[in-house]
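J.: sequence-free structure coming up:
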């Protein structure tokens, strides 16, 4: 009877290890996805900052009247 008890215990431990390994793999994939998302968001921040800087430059040019003088 102790043979079956040991086999059952080993089987349960093996199943638990497989579940844990699967969970680790899933978490690693999620982390990889999040890392890629962070990189993409940082690039978007750079793009938006450049756009803001460009718009700010246009606003400054409008305030000086240089652009509006062309239409006189």
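T.: Yes, it's here. Since the model is a prediction, treat every value here as computed from it, not as a measurement.
J.: which sections of the protein are below the confidence cut-off?
T.: Across the chain, the ranges flagged by pLDDT under 70 are 1-7, 61-72.
J.: Which parts of it are strands?
T.: With DSSP state E, there are no strands along the chain.
J.: Tell me the spacing between residue 53 and residue 43.
T.: Residue 53 sits 16 Å away from residue 43, taking CB to CB, to the nearest Å as the criterion. (Each C-beta comes from the backbone N, C-alpha and C, glycine too.)
J.: likewise residue 24?
T.: Look at residue 24 and residue 43: by CB to CB, they are 29 Å apart.
J.: do the same with residue 51
T.: Per CB to CB, residue 51 is found 13 Å from residue 43.
J.: now swap in residue 56 and tell me
T.: Taken as CB to CB, the span from residue 56 to residue 43 is 20 Å.
J.: Ok, residue 33 next?
T.: Distance of residue 33 to residue 43, computed by CB to CB: 16 Å.
J.: now do residue 18
T.: Distance of residue 18 to residue 43, given as CB to CB: 38 Å.
J.: what are the ranges of the helices in the protein?
T.: For the chain, the helices defined by DSSP state H cover 2-64, 66-69.
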